[in-house]
Each structure stands twice: as structure tokens, then as C-alpha cells.
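[1] Generate a structure from the sequence data that follows.
(4 chains)
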2 protein chains.
Amino acid sequence: MTGPVSSPSVVVGRSARAAAIVAAALAILESEGREALTMRRLADAVGIRAPSLYKHFPDKAAVELVLIEHGFTVAARAFEEAIARDGASLETVMTAYRAVALAHPHLYRLMTAGPLPRHLLAPGVEARAAAPLLRVLPQPDLARAAFAFGHGMIMLELDARFPPHADIDAAWRAGTQALQAAM
Amino acid sequence: MTGPVSSPSVVVGRSARAAAIVAAALAILESEGREALTMRRLADAVGIRAPSLYKHFPDKAAVELVLIEHGFTVAARAFEEAIARDGASLETVMTAYRAVALAHPHLYRLMTAGPLPRHLLAPGVEARAAAPLLRVLPQPDLARAAFAFGHGMIMLELDARFPPHADIDAAWRAGTQALQAAM
DNA sequence: TTGACCCGGCTAATGGTGTTAGCTATGCTG
DNA sequence: CAGCATAGCTAACACCATTAGCCGGGTCAA
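    Below you'll find the model as predicted:
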């Protein structure tokens, strides 16, 4: 089950049509996954023909890039709210990380699939999402280890790569506590 | 840089043609990545037409499955040799994990891309690759955390997701030591 | 020896993908 | 009012995995 489709936050400065395209793309992605997000399908959802999409975006990657930026913003907000609510601890951030990734699995996959075209990403978007983890875990090496741990856990959980009987909550706790203790 | 293309180990019981197809598929995958592995390209490499591949494999996923099994075997051997050489420690296994993944990045990506069709996998192949980690880290929850940490580190490194100045070796050490200390 | 059969090639074609070229209508602007 | 950019359209291209159907050659049995 995916969470409710939030309206895209990365729409400012775009034409109404472009914003509608992004909204439709996000809806398709979140409900049916990356494979379902084709240019024809997207055009259908907006009520135009596929080639007309290229009047608003240079290619499919450009649409996906906007979705990725949206994903970073959603994640950043989730981390910030979690810290405000539950305090600035590693456990808070890791719990929020898992929650937001599982609430938007297809978006999370898109965000982390393959190399990230950093030079095309709006500046600050990535840094804002990374900041909360660095705040609760200031040592850079340990922060990267924690990031990798969380990312790996999510991917393995999403891909059902753990054995069926595995206690995923316990694995999260064990890893988080190990990193916590190393601070 | 990918390592040298090892000859596929999962070829027993196949016709010579099928074995040649698997060998060519592995060569294409390891040298050019998953996108380059198309049925036409694969058929070209073997010297036949694409539809003729279907006389030997039901579909493309079946070819990829053999490559995945090969990857598990390669990884398992690497772990076993590392333990025999350097002793059964978590650090040994983690180092071997990273080494084998970086030596075969495209194969590693294929192995870990999306859900694993366990019911189609030859029995024991996955368990053999998982055994060394469970040996050096018997607590299941911590072992899963270590697996996730290693997998996450590899994916982030392969996708150049860490900032350019990041000390990836140090992050591996930090995470490994944290898990080690939690045993 | 001849017939049947199956194996492993082939060509042609289908429906999908992203994308480009080129036409046209609408509406804003000088 | 002329001109031009905008944003739609159809047709088409190259590629993808895959299927249908044909055919030659080898094997094996009668």
C-alpha cells in the first residue's frame, strides 16, 4: 500500500500544464510504479498526446527529475517534523527515514535508482534532506554508514530480500543501536 | 573498470549453445551493463537471430536468472576464500563483499535489482552466499543489519551518491566497527 | 531405405517504448 | 492587422521483447 498521493511541491514557476503533468506523473508513479510511468500513459492522464509532452519537458528524464526533487523535499520535511516532534536523536531520524520510504516506495526507488544527476538538481534540495542525519550524527563517516544502513534496509525490505520470517524491526533496532553506541 | 570476465560457473547440464549464450550474456553484462544486454545484441554475439534464443531460454528473465545464480556462486567463493585466507572475522567478510561487488558492478546490480524470484533460483545458491556472514555474525538481527549496511554502501558507491570528497573506506571501517562492537 | 519427428535455425510481424519532424490553429503583441 | 511564439496534432523512426509459422537437417524406428 502506498500512502496518499501528496500534491507535488516542486511546481512553482511552471505553467499550469507543466504542473498538471508533474502531478499526473507523481500519481502514476506512486500508485503503479516506475514501469507504469510512460510518456503515452502520462499524456493520457493529462488529456493530450505523448509528443505534446515535449513542448513542456525536454525528455522523460526531466519529468522524473522533478519527481526526484519532490521526493527529496518530502523526505526533508518528514525528517524535520520528526525531530521537532520526537527530539533530535539518531533513532528519530532512522524511524522517519523508514516511514517516509515505505510510505512512498516507488518514489523512493526512483530517487535512488542509478546515478543522481546532481548538476541538474536544484541546489540545496539534496543538502536539506541530508542535514537532519548530519545533525544527530555529526561524524561524517558514521553518518555515511548510517545512511548506507538505512538505504540498504529499505531496499532489502522493498525487494522482499529478507527471509519471510525475518524480524525487520529488530534488525533496524540492532543496526541503529550499534551506530548509536559508536558515537 | 570491471574485473576480468570469469567464465560462467552455472553451465552444467546445458547444451553447448545454451552455454555459449550464457557466456556471451555474462560478457556483455559485465563489460557494458544491464541496458546493453538485449536479446538482439546477445543473439549477435552468438551468431544467430534474436528469436532463435527462445529455442534455448523461455525469455530474457531466464537468461538473467542464470547470470544471477552465477553471481551468487562467485560471491560465495570469494567469501569462502577470504575467510580461509584472512580468518573468520566480520571485517574479512565485509572487505570481501565490497571487493567482489566492485569487481563485478553490473553483475552485482543485476543480482540485487528488484525482487528476487527465489522459487526459480536453484536451491542452496543463495544460502551458500549468505552462510559466511552468518558464521562471523551469528545474531540474525545484527547479521541482517550488516548485510543492509554493506549493500547500501555498495549501491551508494556504485551510484556515486556520496559527495566527491567522502572517504568511503573510512565509512566502511566506521560501520563495520560499530557492528563488530555490538556483537 | 524410408518415413516420422523434433531440433534449431530463419523471416515476418505485433505491440510496446522514447523521441523527432513537420503541420496547424490559437492567441498575444508590436 | 501582421507576425510570431505556443501548444496541440499526426506520422514516423529506431529500438525493445516476444510470437507465429516455415524449413532444413539429423535421428530413430519400422
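
[2] DNA strand D contacts on chain A?
    For chain A, the residues in contact with DNA strand D (Cβ under 7 Å from any atom of the strand) are A:15, A:17, A:43, A:48-49, A:51-52, A:55-56. (Glycine included, C-beta is placed from N, CA and C.)

[3] Sitting in helices, which of those residues do you find?
    A:17, A:43 (DSSP state H).

[4] Buried among the residues of chain A next to DNA strand D? Make that a PyMOL selection.
    To isolate the buried ones among the residues of chain A next to DNA strand D in PyMOL, judged by 16 or more other Cβ atoms under 10 Å in any protein chain shown, type:
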select buried, chain A and resi 43+48+56
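
[5] near DNA strand C, from the residues of chain A next to DNA strand D?
    residue A:51.

[6] want to try a markdown table for the residues of chain A next to DNA strand D, with distance to residue A:176 as columns?
    Output for these, formatted as a markdown table (distance: Cβ to Cβ, whole Å):
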| residue | distance to residue A:176 |
| --- | --- |
| A:15 | 44 |
| A:17 | 44 |
| A:43 | 44 |
| A:48 | 47 |
| A:49 | 49 |
| A:51 | 49 |
| A:52 | 48 |
| A:55 | 47 |
| A:56 | 43 |
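
[7] and residue A:141, how far is that from chain B?
    Residue A:141 is 4 Å from chain B, where distance means Cβ to the nearest Cβ, to the nearest Å.

[8] Same question for residue A:70.
    Taking Cβ to the nearest Cβ, one finds residue A:70 at 18 Å from chain B.

[9] Which positions in chain A make contact with DNA strand C?
    So chain A meets DNA strand C at A:37-41, A:50-51, A:54, A:59-61 (Cβ under 7 Å from any atom of the strand).

[10] and the residues you listed, which are buried?
    A:37, A:39.

[11] what about the longest helix in chain A?
    Chain A, longest helix under DSSP H: helix A:60-86.

[12] Flag every buried residue along that one.
    So for helix A:60-86, counting by 16+ other Cβ under 10 Å, buried means A:63-79, A:82-83.

[13] which residue of chain A sits farthest from its center?
    residue A:49 (28.5 Å; Cα atoms, centre = their mean).

[14] mind listing what the nearest residue to that residue once chain neighbours are set aside touches?
    Among residues not flanking residue A:49 along the chain, residue A:43 sits closest, at 5.6 Å (Cβ to Cβ, 6 or more residues apart in numbering or on different chains). Residues near residue A:43 by Cβ atoms under 8 Å, 6 or more residues apart in numbering or on different chains: A:49-50, A:52-53.

[15] same thing but at 10 Å, please
    Contacts of residue A:43 were listed using Cβ atoms under 10 Å, 6 or more residues apart in numbering or on different chains, and they are A:21, A:24, A:49-54.

[16] Dump these to JSON lines, plus distance to residue B:94 and pLDDT.
    As requested, the contacts of residue A:43 are exported to JSON lines (distance: Cβ to Cβ, whole Å; pLDDT from 0 to 100):
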{"residue": "A:21", "distance to residue B:94": "44", "pLDDT": "98"}
{"residue": "A:24", "distance to residue B:94": "44", "pLDDT": "98"}
{"residue": "A:49", "distance to residue B:94": "52", "pLDDT": "97"}
{"residue": "A:50", "distance to residue B:94": "47", "pLDDT": "98"}
{"residue": "A:51", "distance to residue B:94": "50", "pLDDT": "98"}
{"residue": "A:52", "distance to residue B:94": "51", "pLDDT": "98"}
{"residue": "A:53", "distance to residue B:94": "45", "pLDDT": "98"}
{"residue": "A:54", "distance to residue B:94": "46", "pLDDT": "98"}
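
[17] ok and the host helix or strand of residue A:147 relative to helix B:140-158, angle-wise?
    Assigned by DSSP states H and E, residue A:147 falls within helix A:140-158. With axes from the mean of the first three to the mean of the last three Cα atoms, to 10 degrees defining the directions, helix A:140-158 sits at 110 degrees from helix B:140-158.

[18] Which neighbouring elements make contact with helix A:140-158?
    helix A:90-103, helix A:105-112, helix A:125-136, helix A:168-181, helix B:105-112, helix B:140-158, helix B:168-181 (3 or more Cβ pairs under 10 Å, 6 or more residues apart in numbering or on different chains; DSSP states H and E).

[19] let's see 8 Å
    Applying 3 or more Cβ pairs under 8 Å, 6 or more residues apart in numbering or on different chains; DSSP states H and E, one finds that helix A:140-158 contacts helix A:90-103, helix A:105-112, helix A:125-136, helix A:168-181, helix B:140-158, helix B:168-181.

[20] Can you say which of those is packed in most?
    Highest mean neighbour count of those: helix B:140-158, a mean of 24 (counted as mean count of other Cβ atoms under 10 Å in any protein chain shown).
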